[in-house]
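Asks: Quick one: sequence and predicted model below, then my questions.
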Amino acid sequence: MSINKESNSLSANVIYDCTPFTHLDYPNHLSCIVWFSECNMRCDYCYNKDIVFAKNAEHSYNDILTFLKSRKNLLDAVVLSGGEATSHNLKEFCQSIKEMGFKIKLDTNGTNSIKIKELLELNLLDYVALDFKAPKEKFQQITYSNKYEDFLSTLDMLISSSIDFEVRTTIHNDLLHVEDVNEIIKELMNRGYNKKYYLQEFLSTESNIGNLQTATTKFDKSLLSNDLEVIWR
Ligand code: SF4
């Protein structure tokens, strides 16, 4: 993406790249995707390795705001993705985006619940896609993070809010079995989640953090709980 440089309080270079146009990421919206560098997890199946380990991101918040000024009336939303967008300060950036009239979708692993709470309270988010990485017993093994309780705080906050959101899980069959997904469904139900639950299968890519190959274990969909409406992507 070609963007001009500026420098002021939003001049920190924390953005790895920007996809200028997509209609696939935020349902029914024309969006750009802002790819924030760094993440507080290390999921083995993560194919955004370069973004997660990026220490010298090339673009600042201001670069993106300048780009957005040229996209008024052409895009209607901005997707904050990564990496983990909430690893960075988002309040001022989101306020500027909203002042320009764009909606905001946040893709998140949910572990920075305090930051997400602040964004929700300020009405700076329009949609959240929350990753439910694994049930409690496997959370650390899959994410290399011990923030399961923080993730649950975010989940509870979203359930009790009026914001539109979805919960989704990526499945590598050697890591996460059908029993684990049923455990997640049970946890979601117990907490009052009653929306669609999205499952996406691991895609074998040239590289990923754990150098994973295609799974050898079969995921038996016939054993999947039907307590929630499951949508495969
Ligand atoms: S898949 Fe895991 S490591 Fe990769 S960006 Fe998402 S939360 Fe971070």
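Replies: Cool, got the structure.
Asks: Report the buried residues of the longest strand belonging to the chain.
Replies: For the chain, the longest strand by residue count, based on DSSP state E, is strand 13-22. Buried positions in strand 13-22, judged by neighbour count with 16 or more other CB atoms under 10 Å: 13, 14, 15, 16, 17, 18, 20. The C-beta positions use only the backbone N, C-alpha and C, and glycine is treated the same way.
Asks: Go ahead and confirm residue 42 touches residue 53.
Replies: No. Residue 42 lies out of contact with residue 53 (CB atoms under 8 Å); the separation is 9.3 Å.
Asks: just to revisit the earlier point, show me what the longest strand of the chain is packed against.
Replies: In this structure, strand 13-22 packs against strand 31-36, helix 49-52, strand 59-60, helix 61-69, with contacts taken as 3 or more CB pairs under 8 Å, 6 or more residues apart in numbering; DSSP states H and E.
Asks: list the contacts for residue 163?
Replies: Counting by CB atoms under 8 Å, 6 or more residues apart in numbering, residue 163 makes contact with 120, 125, 126, 127, 128.
Asks: Find the nearest non-adjacent residue to residue 23, please.
Replies: In space, and not counting its chain neighbours, residue 23 is closest to residue 30: 5.5 Å by CB to CB, 6 or more residues apart in numbering.
Asks: can you check residue 146 too?
Replies: Residue 146's closest residue in space is residue 140 (CB to CB, 6+ apart), at 5.6 Å.
Asks: Residue 179 versus the one you found, what's the distance?
Replies: Distance, residue 140 to residue 179, using CB to CB, to the nearest Å: 18 Å.
Asks: likewise residue 70?
Replies: 50 Å.
Asks: buried stuff in stretch 140-149?
Replies: For stretch 140-149, by 16+ other CB under 10 Å, it's 142, 143, 145, 147, 148.
Asks: repeat for stretch 47-66
Replies: Quick answer for stretch 47-66 (16+ other CB under 10 Å): 47-49, 51-52, 54, 57, 59-65.
Asks: What about the ligand: which of those touch it?
Replies: 48, 52 (CB under 6 Å from any ligand atom).
Asks: Reformat the buried residues of stretch 47-66 as CSV; add pLDDT.
Replies: Conversion of these to CSV gives the following (pLDDT from 0 to 100):
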residue, pLDDT
47, 92
48, 93
49, 92
51, 95
52, 96
54, 91
57, 93
59, 97
60, 97
61, 98
62, 97
63, 98
64, 98
65, 98
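Asks: Could you single out the nearest of the buried residues of stretch 47-66 to residue 227?
Replies: residue 47 (30.2 Å; CB to CB).
Asks: Spatially, what comes nearest to that closest one if we skip its sequence neighbours?
Replies: Closest to residue 47 by CB to CB, 6+ apart is residue 205, at 4.2 Å.
Asks: circling back to that earlier point, tell me which two of the buried residues of stretch 140-149 sit farthest apart.
Replies: 142 and 147 (12.2 Å).
Asks: Which residue lies nearest the spatial centre of the chain?
Replies: Nearest to the mean C-alpha position of the chain, by CA atoms, centre = their mean, lies residue 107 at 2.4 Å.
Asks: wait, what's in contact with that residue?
Replies: Residue 107 touches 79, 80, 81, 82, 85, 129, 131, counting by CB under 8 Å, 6+ apart.
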